[in-house]
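> any chance you could fold what I've pasted below:
(2 chains)
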Amino acid sequence: DTEVTQTPKHLVMGMTNKKSLKCEQHMGHRAMYWYKQKAKKPPELMFVYSYEKLSINESVPSRFSPECPNSSLLNLHLHALQPEDSALYLCASSPGREYTGELFFGEGSRLTVL
Amino acid sequence: GEDVEQSLFLSVREGDSSVINCTYTDSSSTYLYWYKQEPGAGLQLLTYIFSNMDMKQDQRLTVLLNKKDKHLSLRIADTQTGDSAIYFCAERKAAGNKLTFGGGTRVLVKP
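Have a look, this model is predicted:
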C-alpha cells in the first residue's frame, strides 16, 4: 500500500461549524504533514508531526488544530474558520526522519468556508 | 523576492520535448525536487537530484543542475498528453531542512 488517503474529498462548512479532516497512511512512515494550497499557488506547509509529536507549526492560527492519534493517522480539526481559509488541504507523509523532500501526498480535501 | 522561481506556463506539442526551468537562491540547498500535480489531485514526486550531481536521468525525465547559476531544469522527452499538469520544483535547504516550493509551471500538451 503506497497511498495516503484523505477524507472527505470535499467539505463545505459555515464559519461557526466544527469539522475535521482525516489522513491515513499504511506505509510505515513516521513523519506526516499538513499543507494548504490556494488556487494556482504552491503548497504551504502548516504542520509537521514526527514520531507522533508535533515538530513544526508554521504559525498557523489556532482555529486549525492538528492531532496525530497514532503513526498512521493525522487529523486536522477546524473551528470558526474564515472564508479565506477555503483551499485544498493536502496531507503528506515521508519515510524515516522528518524534513525529507521525498513526500507522498494524498489527493487532498477541498474545503469551502461560507 | 521568491526563493524558488519558475515560469508560469509552457505549451508543447505531443511528441516534442518539454523543458521546465527553475531558479533558486540558496546555495546551501542539499536536494532539489520535481513534483507533478494533475488537476484536482495531490502532488506526485517525479524525481530529485542531490546537489553534488550535475545530471540525473530517469526514463523520459532528465534533470540538469547548474549549481553555479543556481538553475535546475526538467526535460521530458516525447511529451504525452498525460504529461499535462503543473510541475513544481522544490529545494531542501541545509539550514532548517524545510522544503520550499516554486510557484509551479503549468504545462499544456497539444495533440
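
> looking at chain B, which helix or strand is least sure?
Counting by mean pLDDT, DSSP states H and E, chain B has its least confident helix or strand at strand B:99-101, which shows a mean of 87.

> residues in contact with B:Ala90?
Counting by CB atoms under 8 Å, 6 or more residues apart in numbering or on different chains, B:Ala90 makes contact with A:Gly101, B:Val4, B:Leu32, B:Tyr33, B:Trp34, B:Tyr35, B:Leu99, B:Thr100, B:Phe101, B:Gly102. Where C-beta positions appear, they are placed from N, C-alpha and C, glycine not excepted.

> which of those residues lies closest to A:Leu111?
Of all the contacts of B:Ala90, A:Leu111 sits closest to B:Phe101, with 19.8 Å by CB to CB.

> tell me, how many residues neighbour A:Pro43?
28 (other CB atoms under 10 Å in any protein chain shown).

> who does the closest residue to it other than its chain neighbours form a beta bridge with?
Nearest non-adjacent residue to A:Pro43, counting by CB to CB, 6 or more residues apart in numbering or on different chains: A:Tyr35, 3.9 Å away. Beta-bridge partners for A:Tyr35, by DSSP bridges, are A:Leu45, A:Leu90.

> excluding chain neighbours, what is closest to A:Val12?
Nearest one to A:Val12, counting by CB to CB, 6+ apart, is A:Thr112 at 4.7 Å.

> my error: substitute B:Asp54 in the last question.
Nearest one to B:Asp54, counting by CB to CB, 6+ apart, is B:Leu65 at 5.8 Å.

> if I pick that neighbour, what's in contact with it?
B:Leu32, B:Ile49, B:Ser51, B:Met53, B:Asp54, B:Met55, B:His71, B:Leu72.

> ok, which stretches of chain A are strands?
Per DSSP state E, chain A carries strands over the ranges A:4-7, A:10-13, A:18-25, A:31-37, A:44-50, A:53-57, A:64-70, A:73-79, A:87-94, A:104-105, A:109-113.

> so how far is chain B from the residue most central in space within chain A?
The residue lying closest to the centre of chain A (CA atoms, centre = their mean) is A:Trp34, at 3.0 Å. Using CB to the nearest CB, to the nearest Å, A:Trp34 is found at 12 Å from chain B.

> up against chain B, what does chain A have?
With the criterion set to CB under 8 Å from any CB of the partner chain, chain A comes near chain B through A:4, A:40-43, A:45, A:56, A:90, A:92, A:98-108.

> just for the chain, where's the confidence low?
Just going to use chain A. A:1-2, A:96-101 (pLDDT under 70).

> correction: the question concerned chain B.
Chain B contains residues with pLDDT under 70 at B:1-2, B:94-97.

> one more pass at 80, please.
By pLDDT under 80, the weakly predicted segments of chain B are B:1-2, B:27-29, B:93-98.

> can you give me the helices for it?
Here chain B has no helices by DSSP state H.

> flag every residue of it that's near chain A.
Counting by CB under 8 Å from any CB, chain B sits next to chain A at B:31, B:33, B:35, B:40-45, B:48, B:88, B:90, B:92, B:96-99, B:101-104.

> which among those end up buried?
Buried members of those, scored by 16 or more other CB atoms under 10 Å in any protein chain shown, are B:31, B:33, B:35, B:41-43, B:45, B:48, B:88, B:90, B:92, B:98-99, B:101-104.

> about what we covered before: any chance of the strands of chain A in CSV, with distance to B:Asp83 too?
Output for the strands of chain A, formatted as CSV (distance: least, CB to CB, whole Å):
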stretch, distance to B:Asp83
strand A:4-7, 23
strand A:10-13, 27
strand A:18-25, 27
strand A:31-37, 21
strand A:44-50, 25
strand A:53-57, 33
strand A:64-70, 34
strand A:73-79, 31
strand A:87-94, 21
strand A:104-105, 18
strand A:109-113, 24
